[in-house]
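1. predicted coordinates and the sequence they were generated for:
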Amino acid sequence: AQSVAQPEDQVNVAEGNPLTVKCTYSVSGNPYLFWYVQYPNRGLQFLLKYITGDNLVKGSYGFEAEFNKSQTSFHLKKPSALVSDSALYFCAVRVHSGNTPLVFGKGTRLSVIA
Amino acid sequence: SAVISQKPSRDICQRGTSLTIQCQVDSQVTMMFWYRQQPGQSLTLIATANQGSEATYESGFVIDKFPISRPNLTFSTLTVSNMSPEDSSIYLCSVLTNRGDTQYFGPGTRLTVL
């Protein structure tokens, strides 16, 4: 079975500081890993993904994430947070093969304070 | 990517009634999924909508309560039947493109049951 853990319900960071939103996963086989963002009263927007290749992947709005196979982690990072980054962030995983649906973490609410 | 629209965007319904949610995609897609997001919670997969055959439901979800249709490769409907206040949620349509790695989401339907 696949699962995703986001250990923090809430992350607070000052504007301009670096931010990290944590994610660990469990799958049988090689994972596809994703980050999505949800702004208030909006659907989920795709941010970035790891499929294969370079462990550091870059995505939309200056976000990046690092795949760490030994630690089974895929933490989301941004060097300098903006107030507009405040939103709900979801990590998701599925197995490498097959058209299986994503399994989501519980979400982490990011609050960037001016 | 894929552009996904959902109708209605929101509705307020009386208990015991049914609501059908429509999902339209701007291109043919391999897979379509329906998720539920209860207030302040993560996304839970309801079912995979299969074109030309019965949907595949996840544990805890049944066809009598959540009948799904998928008449072609760009359209699906989810019906929430005999609604109760516990069905109040955001219902999200999601698609897996033919390239097969990234899932995209519709804007969601916010349902309130009184």
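-> That came through, no problem. Keep in mind that this is a model prediction, so the values were computed, not measured. Numbering: from 1, shown residues only, chains lettered A, B, ... in the order given.
2. and the residue nearest to the spatial centre of chain B, how far from residue A:19?
-> By Cα atoms, centre = their mean, chain B has its centre lying nearest to residue B:34, at 3.4 Å. Separation of residue B:34 from residue A:19 (Cβ to Cβ, to the nearest Å) stands at 32 Å. In this view, the C-beta of every residue, glycine as well, is placed from N, C-alpha and C.
3. same check on residue B:6?
-> With Cβ to Cβ as the criterion, residue B:6 and residue A:19 are 31 Å apart.
4. now swap in residue B:51 and tell me
-> Relative to residue A:19, and taking Cβ to Cβ, residue B:51 is found at 41 Å.
5. so the two - more neighbours on which side?
-> residue A:19 (20 against 17; other Cβ atoms under 10 Å in any protein chain shown).
6. might you report the residue contacts of that one?
-> The contact partners of residue A:19, taken as Cβ atoms under 8 Å, 6 or more residues apart in numbering or on different chains, are A:11, A:13, A:77-78, A:81, A:85, A:110, A:112.
7. what of residue B:46?
-> B:33-36, B:57-58, B:61, B:66, B:78, B:91.
8. and stretch B:77-97, anywhere near chain A?
-> Yes. Counting by Cβ under 8 Å from any Cβ of the partner chain, chain A has neighbours in stretch B:77-97: B:92, B:94, B:96.
9. which PyMOL command selects the buried ones in these?
-> Selection of buried members from those for PyMOL, criterion 16 or more other Cβ atoms under 10 Å in any protein chain shown:
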select buried, chain B and resi 92+94+96
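10. among the residues of stretch B:77-97 next to chain A, which are in strands?
-> Counting by DSSP state E, the part of the residues of stretch B:77-97 next to chain A found in strands is B:92, B:94, B:96.
11. could you check the pLDDT of the closest residue to residue B:91 other than its chain neighbours?
-> In this structure, residue B:91 finds its nearest non-sequential neighbour in residue B:109, 4.7 Å apart by Cβ to Cβ, 6 or more residues apart in numbering or on different chains. You'll see residue B:109 listed with a pLDDT of 96.
12. next one: residue B:6
-> Residue B:6 carries a pLDDT score of 96 in this model.
13. in whatever helix or strand it lives in, which residues are buried?
-> Element membership of residue B:6 [criterion: DSSP states H and E] is strand B:4-7. Using 16+ other Cβ under 10 Å as the test for burial, strand B:4-7 gives B:4, B:6.
14. which ones are touching the residue sitting nearest the centre point of chain A?
-> Among the residues of chain A, the one closest to the centroid is residue A:35, at 3.6 Å (Cα atoms, centre = their mean). Going by Cβ under 8 Å, 6+ apart, residue A:35 touches A:21, A:23, A:47-49, A:59, A:63, A:65, A:74, A:76, A:89-92.
15. out of the residues you listed, which sit inside strands?
-> Per DSSP E, those map to strands at A:21, A:47-49, A:65, A:74, A:76, A:89-92.
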